[in-house]
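# Predicted model follows, preceded by the sequence.
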Amino acid sequence: MNIEQISIKDLKQLLRNKKVAIYGAGALGKYLVEFLKKSDLNVEVVFDKKFRKKEKFLGITATNLDNWDIEDDLKNFLVIITVTGKFNQKEIYLNLRKKGFKEIYVVSKEFLKPIPKTSRSLKILEKTKEIVKQEGGHFLKLLAFYLPQFHPIPENDKFWGKGFTEWFNVVRGKPRFKGHYQPRLPGELGFYDLRVPEVQEQQVALAKEYGIYGFVFHFYWFNGKRLLERPILQFIQNKNISFPFCIHWANESWTRRWDGLEHEILIKQEHTLEDDIEFIKYIAITYFEHPNYIRIKGKPLLIIYRPDLFPNIKETAERWREWCYKNGIGEIFLCNMHSFDWTDPREIGFDASIEYPPNAILFNDVTDKIEVIDSFFQGRVLDYESAIDQAYLYEKPEYKKFRGVFPDWDNEARRKGKGRCFINSSPENFKLYLSIVCNFTIQNFEKEERLVFINAWNEWAEGCYLEPDAKYGRAYLQAVKDTLEFFNKLNI
C-alpha cells in the first residue's frame, strides 16, 4: 500500500474548495498549520492521539480521531498526515479510511526542511534573564530516573538464568548499521553491582559534581511483593549518602518483552482497593518520612507510571490522600507519566504530569536512509534532532506538566535487531535539548516547582544514561553542568 505524497507546490491546487484536516500535532504538524495560515489556506481540524477531547491547537479545533463527530460530507475533506515513519503512516491511513475519509496524503520530504532552524540555537529571551535576576537564581532541579536493577535476585535467576543482571543484556549489543554505537560499555564505574555500597556513593558523588539534584527510583510492587528494592533501601540507610530522592511506581506486569513475547507474563500486576492502602502505607512509612525525600511545596512527590491500569485511579488517589492526611503525612503531590497516553492529571485527581521522552513523542523516521550492515535488522532508526525541534515548538498545556529530556536511546541490547535507536544523538545536541527545556521551565514554573526530569541515569540496556561510558566518558554529565552554569550566568 502506497500513500500518495503531497508537495508544497501542489498545495494550493489540491486544497481549492477543500476542507483541510491534518493528522499529527508534532513539530511538523505545527509547521504545516502555520505555513497554511500564511498561505491563506484554512485548516478545519487537527487530529492527534494526545487530544482526549476537543481542544485548541494554534487556534484550530483539535481532537482524537476516534472521538471526532462527523458533521460534514467527508468528500469535501483532504487529510494530510504529518507523522513520519512508514509503519505509523500506514496505520493512520487505514484508520482514516475506516473513518470514511477518501482523499489522504502524506507530506513529502521537502516539508521536513522548512522546520525553523532557530531550534538549532537557543535564544534566551529577556523574560528569562529578568526572572533569574529578580529571583536571585534559576532554581532548576534536575531529577534523573534511576534503575535499581544491577544486582541478581531470585526472580530474575528463574526468568533469565542464574546471576542475571542488566549487564548480561548490555554486552550482547551488536551494531546493525553503519555508525551504530553498540555495544554500549560502561566507563569509570565499570560493570558495577548495586549491592556494593561504595557504588552508590560514587554515583551520588558524580551526580552532585555535575548538577543532578536527585534520583527518581523506579519502584516495583506487586500486591505487597517488592522486587529490586535492596539498592533503594541501602541508599536511604547509607550514612555516607545525603541526596534527594523520590519513588516512581512502575506499576506494569513483568513480561518477556525483551524477547519480543509481549503476552508472556512473568509477574502479574493486579490493583485492588486493599492493595491501594497497603501500598501507600508502606511508601509513606518507609520513604515519605525520610529527610531526603523530594517534596514540592512541602508535599512528598509520588509518581505513577500507568494510572490507566487501575480500575478507578481517581478513587485510588482519593484513598491515598485520605490515608496520608489521617496518618500525619499531610498532603501529597501525585504525578502521572506521559508515556503511553496524555491523560490530563486533573481528570484523575493528580496534581501534574511528567513528560517522559522518548515515549509519547513523534520522531522523524530515517530507517530508510541508513546503511544496513546486518541483513536481519528489523528495527527503527529515528532522528534525535526532531526531539530538539519539538522541544522548541512545545506548547504549554492547560494543566501542569513537568518537562523531560533524554540523552539518547537504543534498546538493541534487549531487542536484538528489532530495537529502536537514534542517529544525531550527541552530548552537544543533548545540551541544546536540555537548555531549551530548562529555559521553558524557568519561564513557566514557580521557583519551587522548576523540576526537569532526565530519562535516565543508568538505563544501560536501553542506551539511555548519563553515567560515563567507554566512548564519551563524562561528556553527557558535562553537558548538564554546562547548561546549569549557562543559566547561572544570567544572574551576574
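Great, that's in hand.
# At which residues are the helices of the stretch 351-492 of the chain located?
If DSSP state H, counting those that start in this stretch is used as the criterion, the helices of the stretch 351-492 of the chain fall at 385-393, 412-415, 427-444, 475-488.
# Save those helices as JSON lines, and put in distance to K268 and mean pLDDT too.
Heads up, the C-betas are built off the backbone N, CA and C, glycines and all. Formatted as JSON lines, these follow (distance: least, C-beta to C-beta, whole Å; pLDDT from 0 to 100):
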{"stretch": "helix 385-393", "distance to K268": "34", "mean pLDDT": "85"}
{"stretch": "helix 412-415", "distance to K268": "21", "mean pLDDT": "94"}
{"stretch": "helix 427-444", "distance to K268": "36", "mean pLDDT": "95"}
{"stretch": "helix 475-488", "distance to K268": "36", "mean pLDDT": "96"}
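# looking at the ones you listed, which is closest to E347?
Nearest to E347, of all the helices of the stretch 351-492 of the chain, is helix 427-444, at 21.0 Å by C-beta to C-beta.
# can you list the helices of the stretch 351-492 of the chain in CSV and add mean neighbour count and distance to V46?
As requested, those are exported to CSV (neighbours: other C-beta atoms under 10 Å; distance: least, C-beta to C-beta, whole Å):
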stretch, mean neighbour count, distance to V46
helix 385-393, 23, 14
helix 412-415, 23, 32
helix 427-444, 21, 22
helix 475-488, 19, 32
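# so which of the ones you listed gets nearest R403?
helix 427-444 (4.5 Å).
# between that closest one and helix 475-488, how big is the angle?
Between helix 427-444 and helix 475-488, the angle comes out at 40 degrees (axes from the mean of the first three to the mean of the last three C-alpha atoms, to 10 degrees).
# Can you give me the distance of N364 to N76?
Distance, N364 to N76, by C-beta to C-beta, to the nearest Å: 31 Å.
# Compare those two (neighbour count), which wins?
N364 (24 against 11; other C-beta atoms under 10 Å).
# Relative to D410, how far out is that one?
16 Å.
# lowest-confidence helix or strand of the chain?
strand 5-6 (a mean of 61; mean pLDDT, DSSP states H and E).
# Any regions of the stretch 251-400 of the chain where pLDDT drops low?
258-263 (pLDDT under 70).
# Swap in 90 and give it another go.
For the stretch 251-400 of the chain, the stretches with pLDDT under 90 are 255-265, 339-342, 359-365, 386, 388-396.
# May I have the distance across stretch 336-344, first residue to last?
Counting by C-alpha to C-alpha, to the nearest Å, you get 9 Å between the two ends of stretch 336-344.
# ok, and for it, which residues are buried?
Using 16 or more other C-beta atoms under 10 Å as the burial criterion, the residues of stretch 336-344 that qualify are 336-339, 341-344.
# Show me where the stretch 201-350 of the chain has its helices.
Going by DSSP H, counting those that start in this stretch, the stretch 201-350 of the chain shows helices at 230-237, 273-283, 313-326.
# Show the average pLDDT along the first one.
On average, the pLDDT along helix 230-237 is 98.
# ok now it, how far from the chain's centre?
26 Å (C-alpha atoms, centre = their mean, to the nearest Å).
# Next, the buried residues of that helix.
For helix 230-237, by 16+ other C-beta under 10 Å, it's 231-232, 234-236.
# Residues touching it, excluding its own?
By C-beta atoms under 8 Å, 6 or more residues apart in numbering, the surrounding residues in contact with helix 230-237 are 148, 150-151, 153, 194-195, 197, 200, 215, 217, 219, 241, 243, 245, 247, 286-287, 290, 292.
# These in strands, which ones?
215, 217, 219, 245, 247 (DSSP state E).
# Can I get the residues you listed in CSV including distance to K314, neighbour count and pLDDT?
Shown next, in CSV, are these (distance: C-beta to C-beta, whole Å; neighbours: other C-beta atoms under 10 Å; pLDDT from 0 to 100):
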residue, distance to K314, neighbour count, pLDDT
F215, 29, 27, 98
F217, 25, 25, 98
F219, 21, 23, 98
F245, 27, 21, 98
I247, 20, 22, 98
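# Most widely separated two among these?
It's F215 and F219 that sit farthest apart of the ones in strands among the contacts of helix 230-237, by C-beta to C-beta, at 11.6 Å.
# on that earlier part again, show me which of the contacts of helix 230-237 are buried.
Among the contacts of helix 230-237, those classed as buried by 16+ other C-beta under 10 Å are 148, 150-151, 194, 197, 200, 215, 217, 219, 241, 243, 245, 247, 286-287.
# M337 contacts P357, doesn't it?
No. M337 lies out of contact with P357 (C-beta atoms under 8 Å); the separation is 10.9 Å.
# Could you check how far the residue lying closest to R257 once chain neighbours are set aside is from K158?
Leaving aside its sequence neighbours, R257 sits nearest to R414 (C-beta to C-beta, 6 or more residues apart in numbering; 7.8 Å). As judged by C-beta to C-beta, R414 and K158 stand 18 Å apart.
# same check, this time on F47
The value you get for F47 to K158, if C-beta to C-beta is used, is 45 Å.
# Give me the more crowded residue out of the two.
Legend: neighbour count by other C-beta under 10 Å for F47 and K158, higher for F47 (27 against 11).
# Could you give the backbone dihedrals for the more buried one?
With angles defined as degrees, to the nearest 10, F47 sits at phi -100, psi 140.
# I'd guessed it sits against D66; true?
No. Applying C-beta under 8 Å as the test, F47 and D66 come out as separate, 9.4 Å apart.
# got a list of what D308 touches?
With C-beta under 8 Å, 6+ apart, D308 has these contacts: 340-341, 343.
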